[in-house]
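Okay, predicted coordinates and the sequence, questions at the end:
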Amino acid sequence: MAYTELMMSMDGSDHVKQMCSPITLSDIDGSLAVSNKSSSSKKKMWTKSMERKFLDLLLEQVHLGRKGEGGFKKEAWTAIERTFNSAMNSNLSRDHFKNKLKTWKVGYKVMKDLKNTSGLAWNEETQTVDAEDSVWDDLLKVGSSLYSFH
């Protein structure tokens, strides 16, 4: 539910709540790495506990009014960076957090689009998108980013 709340605060579409609430964070980006643009940095892997902490911090900032129409305010990113790194004993930069949020937004858009695609159905029991193999084959030809949802 927290992920849905965050995405709806960015999207403003109430109708997506039904589609997105059963989706887990790992469904959206699995084990994707987020890297800093610095050539000396190494890719950072996000664990489920890291994702949960980041999501909780984002929601906290939304509730504190530190997210405007243009995105999160500088003070929000500063608080997220400081609190997350302290709690998780890490040293992630603001860019890591912004890139992670971008990854989630892409996954959210893909799921929204999948929900509205003919031939696909949400399976409540397995919490997955179901379709005939031929439908998936056609979709995968168009966008390889859908592979993680197959």
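Received the coordinates, thanks. All figures in this text were calculated on a predicted structure; none of them were measured in a lab.

all contacts plus neighbour counts: C-alpha atoms, from now on.
Will do.

Return the set of buried residues in the longest helix seen in the chain.
Criterion DSSP state H: the longest helix present in the chain is helix 94-115. Neighbour-count burial for helix 94-115 flags 94, 96-97, 100-101, 103-105, 107-108, 110-112, 114-115 (criterion: 16 or more other CA atoms under 10 Å).

same for that helix, what does it pack against?
Judged by 3 or more CA pairs under 8 Å, 6 or more residues apart in numbering; DSSP states H and E, the packing partners of helix 94-115 are helix 17-20, helix 25-29, strand 33-34, helix 74-88.

ends of stretch 62-72, how far apart?
For stretch 62-72, the first-to-last residue distance is 8 Å (CA to CA, to the nearest Å).

any idea of the mean pLDDT for stretch 98-114?
Throughout stretch 98-114, pLDDT has a mean value of 88.

Same check on stretch 128-144?
78.

Stretch 65-83 too?
When pLDDT is averaged along stretch 65-83, the result is 96.
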